[in-house]
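Asks: got a predicted model here, sequence first, then my questions.
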Amino acid sequence: MNKYLKRILLLSLSLIIALLVAEGLARLFFDPIDFLKPKTLTDEVLRYKIEPNSAAHDSWGYRNRRVPQSAQIVAVGDSHTYGISATASTSWPSALQRISGKETYNLGLGGYGPAEYLYLIEKNALKLDPDLIIVGFYLGNDLKDSFTAVYSVPMWEDMRKLDISYYYDDQENDKDMNSAGFTDWLSGNSVLYRIISSSFIGDNLRQQRRLSKGEDIPMLNVPENGINTGFTPDRRLKGLDLSNSEVREGLRLTLEFIDKMNQLTHENKINFLVVIIPTKEAVFSEFISESHELADINKLDKVIQNEEVVNKLIQTYFTDHGIPYVDVLEPLRNAAESEQIYPNNFGGHSNKNGYRIIAETINQYLESKPTQ
């Protein structure tokens, strides 16, 4: 028994040492900010935020190396600005910094919406004395996020017009910040674990888990264009279906919030720009319309049709109210024909190629209309 026990102990010790060495090598070659899952704190206005300095985030709790004394550009937004499905260095704010040569601070976090954008501009962005503030406005859920914030956070109750009671469910958003258990501890402390869980294997497991819960994830396969990716029409309809009173109310609130942002930046003599970020369904809409055997085509068509209406309404409002904006739909559509700009799974966030295209489109706009 002693001989076998010694062998087991020796094997266990060797395994622990091997894992520690592997973790050390992972941290040497991979940036913890790109893999470790940050801790979150509750907040009476934002509802939640990242704990300062958690998982290599900065002292404000955002995906930057540090909080600078000043920044020429501040980007505010949700997970599409934070840079889900890409490293911190390949998010669109980081790509814009490289392309433009202007220091850009990323003030984005998954699950946030226009209410949080306004609050963060006032409480954080203005402190950096920027020349330009850019809001990454995601059509997929920012309308519903506006509704959620106003009807669940007391600070915004004066903006309410519907006589309803509302309970905020953090599962409504695409964020996956709050969970518990051993795997959650590993997510926040082991780069090696996150590399494995964020890999192709991990993505497939998450997709299978969603399918097992009954979620529809139609897959589009167009080999001649190198396209093999999935969609989440049920989730997108929750944020875009204009037959839903909460979405319509969210649209009204969104426009009001963005108008307030524009006024606030104007009062502080800061240039302002809204970047309209489309859903993956809209980017691939032409391919979807040509794929007659695609599952849930009716749901996808409904998402695309509602998004077209919302986008037109928003752009008309922006034009009428003098709110500068750039729509990145067409550049992303054009790129989708020749390069992979989204993961080959259900994920609705761009990869580094998609974020690069967003940054290039923003920079082209800025060069054609230079800030004063």
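Replies: All right, it came through fine.

Asks: pLDDT weak spots in the protein?
Replies: For the chain, the stretches with pLDDT under 70 are 1, 19, 22-23, 25-30, 166-189, 191-214, 370-372.

Asks: which residue is nearest the middle of it?
Replies: The centroid of the chain falls nearest to S79 when counting by C-alpha atoms, centre = their mean (1.6 Å).

Asks: quick one, phi/psi of the closest residue in space to that residue that isn't next to it in sequence?
Replies: Excluding the flanking residues, the one nearest S79 by C-beta to C-beta, 6 or more residues apart in numbering is G110, at 3.3 Å. Using the backbone N, CA and C atoms, a C-beta is placed for each residue, glycine as well. Taking degrees, to the nearest 10, you get phi -60, psi 140 for the backbone angles of G110.

Asks: can you report how many residues lie near G110?
Replies: With neighbours defined by other C-beta atoms under 10 Å, the count for G110 comes to 20.

Asks: against I121, how distant is it?
Replies: From G110 across to I121, the span is 18 Å (C-beta to C-beta, to the nearest Å).

Asks: strands of this structure, start to end?
Replies: For the chain, the strands defined by DSSP state E cover 40-43, 47-50, 73-77, 104-108, 132-138, 219-222, 227-230, 271-277, 325-327.

Asks: ok, which of those strands comes nearest R252?
Replies: Of all those, strand 132-138 sits nearest to R252, with 15.0 Å by C-beta to C-beta.

Asks: starting at the chain centroid, how far to the closest one?
Replies: Here strand 132-138 shows a centroid-to-chain-centroid distance of 12 Å under the convention C-alpha atoms, centre = their mean, to the nearest Å.

Asks: neighbouring strands for it, and are they parallel or not?
Replies: In the sheet, strand 132-138 lines up against strand 73-77 (parallel), strand 271-277 (parallel) (DSSP bridges).

Asks: list the buried ones in it?
Replies: L132, I133, I134, V135, G136, F137, Y138 (16 or more other C-beta atoms under 10 Å).

Asks: contact partners of it?
Replies: Strand 132-138 has contacts (C-beta atoms under 8 Å, 6 or more residues apart in numbering) with 72-81, 92-93, 108, 114, 117, 121, 125, 254, 258, 261, 265, 270-277, 279, 314, 362, 366, 371.

Asks: what's the angle between that strand and strand 104-108?
Replies: Strand 132-138 runs at 40 degrees relative to strand 104-108, counting by axes from the mean of the first three to the mean of the last three C-alpha atoms, to 10 degrees.

Asks: in this structure E337 contacts E224, no?
Replies: No: using C-beta atoms under 8 Å, E337 is not in contact with E224, being 9.9 Å away.

Asks: can you give me the helices for the stretch 1-150 of the chain?
Replies: For the stretch 1-150 of the chain, the helices defined by DSSP state H, counting those that start in this stretch cover 2-29, 79-82, 92-100, 114-123, 142-152.

Asks: please apply the same query to the stretch 151-300 of the chain.
Replies: Going by DSSP H, counting those that start in this stretch, the stretch 151-300 of the chain shows helices at 182-189, 191-197, 200-212, 233-240, 245-267, 280-283, 285-290, 297-320.

Asks: the strands paired with strand 132-138: which one's closest to G230?
Replies: Closest to G230 of the strands paired with strand 132-138 is strand 271-277 (C-beta to C-beta; 18.7 Å).

Asks: now do the closest residue in space to K369 that isn't next to it in sequence against V74, distance only.
Replies: Counting by C-beta to C-beta, 6+ apart, K369 lies nearest to P324, which is 7.6 Å off, once chain neighbours are set aside. In this view, P324 and V74 are 15 Å apart by C-beta to C-beta.
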